[in-house]
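**Student:** Provide a 3D model corresponding to the input given below.
(3 chains)
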Amino acid sequence: MIEEKWSEESRTYFSTELLSWYERSKRDLPWRRHRDPYYIWISEIMLQQTRVDTVIPYFHRFIERFPTIASLAEAPEEDVLKCWEGLGYYSRARNLQAAARQVMERHGGQVPRDKASVAALKGVGPYTTGAILSIAFDQPEPAVDGNVMRVLSRYFFIEEDIMKTGTRALMEGLAASLIPAGRAADFNQALMELGALVCTPKAPQCLTCPVMAHCSARLEGAELRLPVKSKAKPPRPEHRIAALVEGEGDREGRVLVRRRPDTGLLARMWELPHVLAAAKPSEGADLPDGAAMSRLAGTLAEEGAYVRPEGPFMTAEHIFSHIHWYMRVFRFQEAAALSALAGFAELAVAEPQAAYDEGERAEEYRWITLEDMEELAFPNVFLKILHQYFNDKQQK
DNA sequence: AACGCGGGGGA
DNA sequence: TCCCCAGCGTT
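**Tutor:** Numbering: from 1, shown residues only, chains lettered A, B, ... in the order given. Model (predicted):
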């Protein structure tokens, strides 16, 4: 099949020139400095949907904090999430730690070398399986990510939609057939490196490309048309209102935050209390400030916190791949005299209400200072709001 | 097969 | 500012 569609010469040329280019131009990356399977694994998980430049500082912090698989397996999950804060897709961090525990229990603390065991690790799918086996152990397995699909679709003029499952199988077969004997680690990295540095999505640097001479798309002038990729749906808008509540009395100088439920969006991350501005998520943009604050005050009261509205504080946005949060943040002052004597969390647990509009309850409420933020993992949008707040306060 | 899941960088 | 980048788990 592969031999019929793409000639031996074309494929051999590609692999040879690519490897030679890689040896000249490969970047000096932290996880390339040792061939430690643990480092390779961490880097590959971090690099899923994330650019190299973003990953580098996280990688350094992560291996300093969790230098071995054992240390990662033993750490509190909170610490792992905190180390991942800002990197996004937090299930990657939770799965990574679960997988570290799998490795301790099933594989004596060593990253396994057989395909079935690697693929069985949490958070490790077909791409990462191939990446670990080839880069760490030089096994001739394909590692097909978005870069690889872009390069192959152009060089071999593959017009199948790369968003389709079947296209991936095609690419894996082709990629596997291209690996020169004994060179899986370098070849797979070379393929991704070319996609990242030369064969880029918008403005490919064809004139510096080591395989330009036989690139089918380039020869047809079609490099910008490939890969064919169906459009993802745009994120749906959600209008939300959030409360920044300042504590009173013992809680003077502290702000109320809550921890999200164990599953779903931003699982177990910390945030400011917030609700949809209207019953329909896409509506509520025009909800007047007064009505917004009443709504938040009512919600907080159900959770056991009685508050006085102070006024609008700021707006913020948070864009997920599937949701666009438009968030209006309002300031409140705790009215401690009205608040529960026994403390907030206990009362909140005692009276379950549907205050959490995702249909689940917040796990926990806490009054925090700026320093406490160092222990808790927040999504970026709440980091921005909280830093703005604590910054403003310091100015005064 | 379709959907849920964050955040950053470049034009 | 707008547009683009995408592997894995779950269902």
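**Student:** near DNA strand B, which residues of the stretch 101-250 of chain A are found?
**Tutor:** Counting by CB under 7 Å from any atom of the strand, the residues of the stretch 101-250 of chain A close to DNA strand B are A:164, A:165, A:166, A:202, A:203. (C-beta placed from N, C-alpha, C; glycine too.)
**Student:** count of neighbours near the closest residue in space to residue A:205 that isn't next to it in sequence?
**Tutor:** Excluding its sequence neighbours, the residue lying closest to residue A:205 (CB to CB, 6 or more residues apart in numbering) is residue A:198, at 4.8 Å. Residue A:198: 19 surrounding residues under other CB atoms under 10 Å.
**Student:** and for residue A:171?
**Tutor:** Counted with other CB under 10 Å, the neighbours of residue A:171 add up to 23.
**Student:** also residue A:107?
**Tutor:** Quick note: residue A:107 (other CB under 10 Å) scores 16 neighbours.
**Student:** what does residue A:375 give?
**Tutor:** For residue A:375, using other CB under 10 Å, the count is 11.
**Student:** report the rounded mean pLDDT for stretch A:191-207.
**Tutor:** For stretch A:191-207, the mean pLDDT works out to 92.
**Student:** which one of the residues of the stretch 101-250 of chain A next to DNA strand B is nearest residue A:248?
**Tutor:** In terms of CB to CB, no member of these lies closer to residue A:248 than residue A:202, at 52.9 Å.
**Student:** and that closest one, what does it touch?
**Tutor:** Residue A:202 sits next to residue A:224 when contact means CB atoms under 8 Å, 6 or more residues apart in numbering.
**Student:** how close does it sit to residue A:129?
**Tutor:** To residue A:129, residue A:202 is 30 Å away according to CB to CB, to the nearest Å.
**Student:** residue A:257 reaches residue A:376, doesn't it?
**Tutor:** Yes. Counting by CB atoms under 8 Å, residue A:257 sits close enough to residue A:376 to count as a contact (7.3 Å).
**Student:** give the residues shared as contacts by these two.
**Tutor:** By CB under 8 Å, 6+ apart, the residues touching both residue A:257 and residue A:376 are A:270, A:366, A:368.
**Student:** output these as a markdown table; include the columns pLDDT and distance to DNA strand C.
**Tutor:** Compiled in a markdown table, the shared contacts of residue A:257 and residue A:376 are given as follows (pLDDT from 0 to 100; distance: CB to the nearest atom of the strand, whole Å):
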| residue | pLDDT | distance to DNA strand C |
| --- | --- | --- |
| A:270 | 93 | 22 |
| A:366 | 93 | 28 |
| A:368 | 95 | 29 |
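**Student:** so among the residues you listed, which ones count as buried?
**Tutor:** By neighbour count, with 16 or more other CB atoms under 10 Å, the shared contacts of residue A:257 and residue A:376 hold A:270, A:368 as buried.
**Student:** can you show me the strands along the stretch 101-250 of chain A?
**Tutor:** Here the stretch 101-250 of chain A has its strands, by DSSP state E, counting those that start in this stretch, at A:236-246.
**Student:** close to DNA strand C: what parts of it are there?
**Tutor:** A:121-129, A:144-147, A:149-150, A:201-202, A:229, A:232.
**Student:** which of these are buried?
**Tutor:** By neighbour count, with 16+ other CB under 10 Å, those hold A:121, A:123-124, A:126-129, A:144-147, A:149-150, A:229 as buried.
**Student:** can you name the two of the residues you listed that are farthest apart?
**Tutor:** Using CB to CB, the two most remote members of those are A:121 and A:229, lying 28.5 Å apart.
**Student:** buried stuff in stretch A:273-293?
**Tutor:** Under 16+ other CB under 10 Å, the buried positions of stretch A:273-293 are A:273, A:274, A:275, A:276, A:277, A:278, A:281, A:284, A:287, A:292, A:293.
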